[in-house]
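Trainee: how does the following fold in three dimensions:
(chains A, B and C)
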Amino acid sequence: MEQDDAKLQFDENGNLRHLLSLKGIDAILLTELLDDAEGYLTAPGALPARSQSLAGRTVGNLFFEPSTRTRASFDLAGRRLGADVLNLDVNTSSRKKGESILDTIYTLEAMQVDVMVVRDASDGVPAYIARNVKDHVSVLNAGESDVSHPTQGLLDLMTIRQHNPDFKNMTVAIVGDIQHSRVARSASEALQTMGIGELRLISPPALAPDAGRFPGARIVDNIADGLKDADVVMALRIQRERIGNLDGVPGIDEYFANYGVSYENMKFAKPDAIVMHPGPMNRGIEIEGALADGPRSVITRQVTNGVAVRMAVLDRIGRIMSTQ
Amino acid sequence: MEQDDAKLQFDENGNLRHLLSLKGIDAILLTELLDDAEGYLTAPGALPARSQSLAGRTVGNLFFEPSTRTRASFDLAGRRLGADVLNLDVNTSSRKKGESILDTIYTLEAMQVDVMVVRDASDGVPAYIARNVKDHVSVLNAGESDVSHPTQGLLDLMTIRQHNPDFKNMTVAIVGDIQHSRVARSASEALQTMGIGELRLISPPALAPDAGRFPGARIVDNIADGLKDADVVMALRIQRERIGNLDGVPGIDEYFANYGVSYENMKFAKPDAIVMHPGPMNRGIEIEGALADGPRSVITRQVTNGVAVRMAVLDRIGRIMSTQ
Amino acid sequence: MEQDDAKLQFDENGNLRHLLSLKGIDAILLTELLDDAEGYLTAPGALPARSQSLAGRTVGNLFFEPSTRTRASFDLAGRRLGADVLNLDVNTSSRKKGESILDTIYTLEAMQVDVMVVRDASDGVPAYIARNVKDHVSVLNAGESDVSHPTQGLLDLMTIRQHNPDFKNMTVAIVGDIQHSRVARSASEALQTMGIGELRLISPPALAPDAGRFPGARIVDNIADGLKDADVVMALRIQRERIGNLDGVPGIDEYFANYGVSYENMKFAKPDAIVMHPGPMNRGIEIEGALADGPRSVITRQVTNGVAVRMAVLDRIGRIMSTQ
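Mentor: Numbering: from 1, shown residues only, chains lettered A, B, ... in the order given. Next up, the predicted model:
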């Protein structure tokens, strides 16, 4: 079934049609998408890159979970490619009326919305939609439960590659609430595909991932071991309500000391190691504010790369549309 | 007064200026609008039709009742004609501050919003606004209490005409909560203007319309009689809270058996009869899900036609703007 | 510190970069902005003025307080200059997740949002943001606590100048809840800079401003004295919850009689005096409805001028962007 989901992403000619998961996206395609995304970067203050490759197309943002940054990122990516972007606040209207997700999708399809950008708290929703749309419609997963967030994975991969393209001799450490993190999942999938040297997942035992979810990764519960000589350190957002409440998860001070990405803990990593965070940050909990704002942080670069990879993905799926 | 409302829709040269109701829209204009709308249809997956006929104009979506689909439909229709579309979430801001509807309208008028698309739960609001706007502003009714939903009536008429243009020898059956349905009202008005052969309104007695609201229609409470040899069957959405609670309205199972548009009940209609629904659907209550998804259903076609008729109406009222 | 804020608005070449307050904007620049804004006015029903001076730029509307009219005004101003406008509903998403304001700003900056339009209930937020953005980003204050609302001040100044450009021989009376009014603050600053003849602030003693907040203005608590021979009368919105509840503030009828801008009270002003209100109005409380709709009212003209001054400001700050 997961194998099917991976296949589902491509049309009969092997071209990318949906982006549901980074599983099944091979190193060649990952590299091409990142190369395309690099082409969309411009200097700060310069005009952002634009094209008309999606002119006349309509992108629908369907966020069944609230979001500011990912939604804004897809919105700008679509508009900078010339598309009309329709932002649907699905929580407050259709679902209130009890409409099924598929009926919402069929409605948008009938309005000639070509790309559905979907965020949902439930497992399997993007693939379910992808299985049910017409041939000319594409589905992009913008965050799915704790399972997948593929454009986040792409932007993380891009940011890491900018620091060091030699994945095979690199150590990446991801720290925090691994168990509930779709960010960690998608980053891990991309890094494994690129042949990452070593991937370490660091968390309190209570937030460690279920066995088998992160094949090839090393599960660590001690941050000193986990960050040792790491090239890249990625902090994950933790839900505040889990801190100190979940069995085996310490309170804020202890969490910060033992699992926070701080100047103190970064001493274990390589001197030039970069610090990443998917945002929004809980400063003083999973990350030290001054570190996030300091020279080792690439957190805002991740955001910039996020618009660029979304443009790259939209442009890529737009190519099969224009040949229809 | 209703006569006045019908007249109010035209400027002194007899051109369409507001769309408040399908009353007063004659068969010639209905036909022209549908013909124009047909011109905006393109093949699935093809680029949607576009023009610049509203370029430089601003369309304001004022939805005082929540809506996803109608709002999105007007939004796309306006943008595909080159207009700027301003979506105003009026519930959450101005009305919270206690501003009157007219002050909101005067404000938008002063910002050079040329077209006000208005949905409101109260009877008479669109006409009230139309009476108070300046000469160059147009008002489109996007749903008014249980009274009128003229663009819905147009898209229904268009969908029926696509099935069979011979209105005079046709039987249309509308099933469900007729009493509270602006959809039934506008469809009936349009069909009567086109000289429909027979129009039947089927509902439990408790949901039958008040006398005189549907002149020329046959009121029926038995679905077998109502659907007999019908060419077109339109199911109406019923508010879930009315099911089983309103005096004389049966519970879900009984409602579905006696007033649901189902494969079982469709046996009474003509073999090639089409099934319509304005959406959003309560599957398993007023309509059988499999029927809605099956070959007789034209429900998604209604949605596509909805964008097209809204483009036709916007383009039509835009013509008098450009000659000012 | 306030002096610093005033300086902060200009880049090293003395060009306007942020608009945080009308303090520090001299008479020459005020006049230029108003002259530019006049150039954006077109006849009612005519197409609004447009340009491409912000083409490729992105304007982010960050309203941490709800707003319909100011937000719509900035939205249209930005779009009519060719910018992409991103409307962020910041209340409902990021802040729910506990993200800091600066992190939201850094995120938008990284997405190449060039102009941040900020409304916030707290004192100092726009300047705080302006101090922290990168060199190529501009911040526009769209309403800050009870401190400042500079584009409102500009549109008020423009409206007054249209009535009578001879500020030096003019009396302007502002009536209502002066103490809590950012509108009164910004209007006063602009009028003082232009060398206004006499500025009177009329309110019940309980709503009179703190000493020193309105240098040069005459504080009055009797409306007959306050409006005597005034050329311009500006009513302020009062929060309904303050009426009759706040110590020393009378109930609605008494408030309207003693501090309402009505036909009755306008007898004290000059026969051709104009009536202004920033909206949204509480008709029958701080202003008489018929007066607001009558020939002396310039209230809708204020709204029209509002779009024009926002275009002028956006265009002005856009000039330094295009030379980067």
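Trainee: please count neighbours and contacts with C-alpha atoms only from this point.
Mentor: Will do.
Trainee: now do the contacts for the spatially closest residue to residue A:135 that is not a sequence neighbour.
Mentor: What sits nearest to residue A:135 in space, not counting adjacent residues and going by CA to CA, 6 or more residues apart in numbering or on different chains, is residue B:45, at 7.9 Å. Listed by CA atoms under 8 Å, 6 or more residues apart in numbering or on different chains, the contact partners of residue B:45 are A:112, A:114, A:135, A:136, A:137, A:321, A:324.
Trainee: are any of those buried, and which?
Mentor: Buried subset of those (neighbour count, 16 or more other CA atoms under 10 Å in any protein chain shown): A:112, A:114, A:136, A:137, A:321.
Trainee: from those residues, which ones fall inside helices?
Mentor: Members of those lying in helices (criterion: DSSP state H): residue A:321.
Trainee: which of the buried ones among the contacts of residue B:45 lies closest to chain B?
Mentor: Distance to chain B across these (CA to the nearest CA) is lowest for residue A:136, with 5.0 Å.
Trainee: pretty sure that closest one sits against residue B:43.
Mentor: No - at 10.6 Å, residue A:136 and residue B:43 do not qualify as touching, with contact defined as CA atoms under 8 Å.
Trainee: re earlier: separation between the residue nearest to residue A:135 and residue A:12?
Mentor: 16 Å (CA to CA, to the nearest Å).
Trainee: what of residue A:112?
Mentor: Counting by CA to CA, the gap from residue A:112 to residue A:12 is 22 Å.
Trainee: same thing with residue A:242?
Mentor: Taken as CA to CA, the span from residue A:242 to residue A:12 is 44 Å.
Trainee: helices or strands next to the helix or strand harbouring residue A:153 in the packing?
Mentor: Counting by DSSP states H and E, the element that carries residue A:153 is helix A:150-163. Under the contact criterion of 3 or more CA pairs under 8 Å, 6 or more residues apart in numbering or on different chains; DSSP states H and E, helix A:150-163 touches helix A:27-38, strand A:138-144, helix A:182-193, helix A:299-322.
Trainee: now the helices for chain A?
Mentor: For chain A, the helices defined by DSSP H occupy A:2-8, A:27-38, A:69-80, A:101-110, A:125-132, A:150-163, A:182-193, A:223-227, A:252-259, A:263-266, A:289-293, A:299-322.
Trainee: how about residue A:145: what's its closest non-neighbour residue?
Mentor: Closest to residue A:145 by CA to CA, 6+ apart is residue A:121, at 4.4 Å.
Trainee: quick one: contacts for the one you found?
Mentor: A:64, A:65, A:143, A:144, A:145.
Trainee: measure it to chain B for me?
Mentor: 20 Å (CA to the nearest CA, to the nearest Å).
Trainee: chain B is nearest to which of the helices and strands packed on helix A:150-163?
Mentor: helix A:299-322 (7.4 Å).
Trainee: can you name every helix or strand that that closest one contacts?
Mentor: Using 3+ CA pairs under 8 Å, 6+ apart, the elements in contact with helix A:299-322 are helix A:27-38, helix A:69-80, helix A:150-163, strand A:274-276, helix C:101-110.
Trainee: that helix to strand A:138-144, inter-axis angle?
Mentor: Interaxial angle, helix A:299-322 versus strand A:138-144 (axes from the mean of the first three to the mean of the last three CA atoms, to 10 degrees): 150 degrees.
Trainee: for the helix or strand of chain A with the lowest mean pLDDT, which residues meet the burial criterion?
Mentor: Sorting the helices and strands of chain A by mean pLDDT, DSSP states H and E puts helix A:2-8 at the bottom, at a mean of 77. Using 16+ other CA under 10 Å as the test for burial, helix A:2-8 gives A:5, A:6, A:7, A:8.
Trainee: you'd agree the third one is up against residue A:24?
Mentor: So that's residue A:7. Yes - with contact defined as CA under 8 Å, residue A:7 counts as touching residue A:24 (6.8 Å).
Trainee: now stretch A:304-315: mean pLDDT?
Mentor: On average, the pLDDT along stretch A:304-315 is 98.
Trainee: ah, wrong one, I meant stretch A:157-168
Mentor: 98.
Trainee: centre of the chain versus it, how much separation?
Mentor: Taking CA atoms, centre = their mean, to the nearest Å, one finds stretch A:157-168 lying 16 Å from the centre of the chain it belongs to.
Trainee: likewise stretch A:288-297?
Mentor: 21 Å.
Trainee: and that stretch, which residues are buried?
Mentor: For stretch A:288-297, by 16+ other CA under 10 Å, it's A:288, A:289, A:291, A:292, A:297.
Trainee: near chain C, from those residues?
Mentor: Among the buried residues of stretch A:288-297, none lies close to chain C by the criterion of CA under 8 Å from any CA of the partner chain.
Trainee: would you list those in a markdown table and tack on distance to chain B?
Mentor: Shown next, in a markdown table, are the buried residues of stretch A:288-297 (distance: CA to the nearest CA, whole Å):
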| residue | distance to chain B |
| --- | --- |
| A:288 | 37 |
| A:289 | 35 |
| A:291 | 39 |
| A:292 | 35 |
| A:297 | 38 |
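Trainee: OK, contacts around the residue of the stretch 201-324 of chain A found nearest chain C?
Mentor: Residue of the stretch 201-324 of chain A nearest chain C, by CA to the nearest CA: residue A:304 (4.9 Å). By CA under 8 Å, 6+ apart, the contact set of residue A:304 is A:41, C:110, C:111, C:112.
Trainee: any idea how far the third one lies from chain A?
Mentor: Relative to chain A, residue C:111 is positioned 5 Å away (criterion: CA to the nearest CA).
Trainee: the closest residue to that residue other than its chain neighbours and residue A:273, how far apart?
Mentor: In this structure, residue C:111 finds its nearest non-sequential neighbour in residue A:304, 5.2 Å apart by CA to CA, 6+ apart. Remark: distance between residue A:304 and residue A:273 (CA to CA) = 20 Å.
Trainee: then residue A:34?
Mentor: On the measure of CA to CA, residue A:34 and residue A:273 end up 21 Å apart.
Trainee: how about the buried residues of stretch A:288-297 in TSV, adding pLDDT and distance to residue C:180?
Mentor: Below are the buried residues of stretch A:288-297 laid out as TSV (pLDDT from 0 to 100; distance: CA to CA, whole Å):
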residue	pLDDT	distance to residue C:180
A:288	98	38
A:289	97	35
A:291	98	40
A:292	98	38
A:297	98	42
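Trainee: CSV for those residues, including distance to residue C:207?
Mentor: Formatted as CSV, the buried residues of stretch A:288-297 follow (distance: CA to CA, whole Å):
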residue, distance to residue C:207
A:288, 45
A:289, 42
A:291, 46
A:292, 45
A:297, 49
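Trainee: can you read off the pLDDT for residue A:62?
Mentor: In this prediction residue A:62 is given a pLDDT of 95.
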